[in-house]
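Engineer: I'd like to go over a predicted model; first the sequence, then the structure.
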Amino acid sequence: MRTIRWIVCLGLGLVVSGAVAGPVIDHTCTDLESIPNQWIESVQDSVQSHYAHTSHGSQLTWGLSFLEDDDPFYDYEIADCYLPEVVGAWCIFNGQETETYITPDLYWESHYGMNLTRDVLDHNPELDTSMWCWCCQCDYYSEQQVRAYLDSMTVLESEYPDVTFVYFTGNAQGTGESGYNRWQRNQQIRDYCADNNKWLFDFADLDCWWYNPSTSQWEQHTYEYQGEDIPAEHPEFYGDEYGHTTEGSCRQKGRALWYMMALIAGWQGTGLVEQQEHSGYSLEVVSGNPSLGYLRLGYTVPEPSRVSISVYGSDGRLRNVPVDGMSEPGRYEISVGHLDPGVYACVLSTDVIQLYRKVLIIE
């Protein structure tokens, strides 16, 4: 998969050769149905990944398992200490060659750990991505220790320019003083990735946000510490059933992981060339463009289809999902909930097409 790729995300313009630099993967990147099937298949056909982690990191692999149980189309294959070879599945090397419970010193924090990572990449040249997930170290690591993590990842990137290394934030389960330190260290990682165009899987953000199906809105959980609101794991995810959390949290992270891999494979995400109709499907802004204070969309479906309509802000964050389910053939109109003035991307997705309309909302 080591070819030149172009990735343009809403609000981001990234042109990269060799390994792919990319955006933040957070709770706004969990709409699995918005990914055209061809890009899931592209991941399965052309992406091989190295994933090292401790118990918290197993939340991602649990999520992949639940999603595959729901729909075998999302087929993946993971093997301990070696890279599996299964046609039609996304193949993942789990751990290092020596073991599967990978603490910082066994991936990046020591000379020995760096060499373990090098061994995996040297002995498996078909690997395209390498990832390491925190446990709870960000609760107590210093700024200098996290700087060492960033420096070690940069060294590996320089040594393996054709491998996409994915950075992670630490989980957001800690509260109080340790949670405050974790939040600071995660911000340190986010700032570095933003400044240097690094791929970031924002594990902490995915912990803190929960999509409430009864209101069709995202909810963030925070707590107050020294006069600041600190994001922390949402109460809906309190539990210790799977990797110290709930099935719902694992599913959310599994969807985000597929989303990220589809982007790495070449999908353009929500940054699509504006398209209003295709093969009998259409998407239009009924309220006008610009729209005065509200947004109303019209769409046409030529055959029974699972339809998802997502509305993104100019920062790439998901603002609303007014449609998500089966639609019979016909033309429909919907009103989108309150949106502040600004530029928005409206994306209609089905199993076969994806349409995009940009709209300006003014007061």
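Structural biologist: It's in.
Engineer: hmm, who's touching the helix or strand containing Y149?
Structural biologist: Assigned by DSSP states H and E, Y149 belongs to helix 143-159. With contacts defined as C-beta atoms under 8 Å, 6 or more residues apart in numbering, helix 143-159 is touched by 19, 104, 108-109, 114, 117-118, 130, 137-138, 163, 165, 167, 184-185, 188-189, 192, 198. Placement of C-beta: from N, CA and C, glycine included.
Engineer: Who does whichever helix or strand comes after that helix pair with, and is each partner parallel or antiparallel?
Structural biologist: Next helix or strand after helix 143-159 toward the C-terminus (DSSP H and E): strand 164-168. Next to strand 164-168 in the sheet, as set by DSSP bridges, lie strand 129-132 (parallel), strand 199-201 (parallel).
Engineer: I'd like the distance from the last one to the chain centre, please.
Structural biologist: Okay, so that is strand 199-201. Centroid separation for strand 199-201 versus its chain: 8 Å, with C-alpha atoms, centre = their mean, to the nearest Å.
Engineer: thinking again about what came up before, make CSV out of the strands paired with strand 164-168 and add mean neighbour count.
Structural biologist: Putting the strands paired with strand 164-168 into CSV (neighbours: other C-beta atoms under 10 Å) gives the following:
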stretch, mean neighbour count
strand 129-132, 24
strand 199-201, 22
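Engineer: Enumerate the positions of the helix ranked longest in the chain that are buried.
Structural biologist: Assignment by DSSP state H gives helix 176-196 as the longest helix of the chain. By neighbour count with 16 or more other C-beta atoms under 10 Å, helix 176-196 contains the buried residues 179-183, 185-186, 188-190, 192-193.
Engineer: Mean confidence (pLDDT) on it, please.
Structural biologist: For helix 176-196, mean pLDDT is 95.
Engineer: could you say what helices and strands that helix packs with?
Structural biologist: strand 24-25, helix 143-159, strand 164-168, strand 199-201, helix 203-208, strand 222-225, strand 228-231 (3 or more C-beta pairs under 8 Å, 6 or more residues apart in numbering; DSSP states H and E).
Engineer: ok so, going back, nearest to Y356 among the buried residues of helix 176-196?
Structural biologist: Lowest distance from Y356 to the buried residues of helix 176-196 (C-beta to C-beta) belongs to C193, with 26.1 Å.
Engineer: mind listing what the nearest residue in space to the closest one that is not next to it in sequence touches?
Structural biologist: Leaving aside its chain neighbours, C193 sits nearest to L200 (4.1 Å; criterion: C-beta to C-beta, 6 or more residues apart in numbering). Residues in contact with L200 (C-beta under 8 Å, 6+ apart) are 23-25, 166-169, 189-190, 193.
Engineer: which of those tops the neighbour count?
Structural biologist: Neighbour counts for the contacts of L200 peak at T169, which has 27 neighbours (criterion: other C-beta atoms under 10 Å).
Engineer: That one touches C138, doesn't it?
Structural biologist: Yes. Between T169 and C138 there is a contact at 7.3 Å, judged by C-beta atoms under 8 Å.
Engineer: Next, show the common contact partners of the two.
Structural biologist: N186.
Engineer: so which of the contacts of L200 comes closest to I264?
Structural biologist: Closest to I264, out of all of the contacts of L200 and judged by C-beta to C-beta, is V166, at 8.5 Å.
Engineer: So what sits opposite that closest one in the bridge?
Structural biologist: Going by DSSP bridges, V166 forms beta bridges with M131, W199.
Engineer: now the residue nearest to C193: how far from D80?
Structural biologist: For L200, the distance to D80 equals 26 Å [C-beta to C-beta, to the nearest Å].
Engineer: quick one: which of the contacts of L200 is nearest to G298?
Structural biologist: The closest of the contacts of L200, once distances to G298 are taken by C-beta to C-beta, is P23, at 29.9 Å.
Engineer: how close does the closest one get to Y180?
Structural biologist: 26 Å.
Engineer: go on, L156?
Structural biologist: L156 sits 30 Å away from Y180, taking C-beta to C-beta as the criterion.
Engineer: And A232, by the same measure?
Structural biologist: Distance, A232 to Y180, using C-beta to C-beta: 10 Å.
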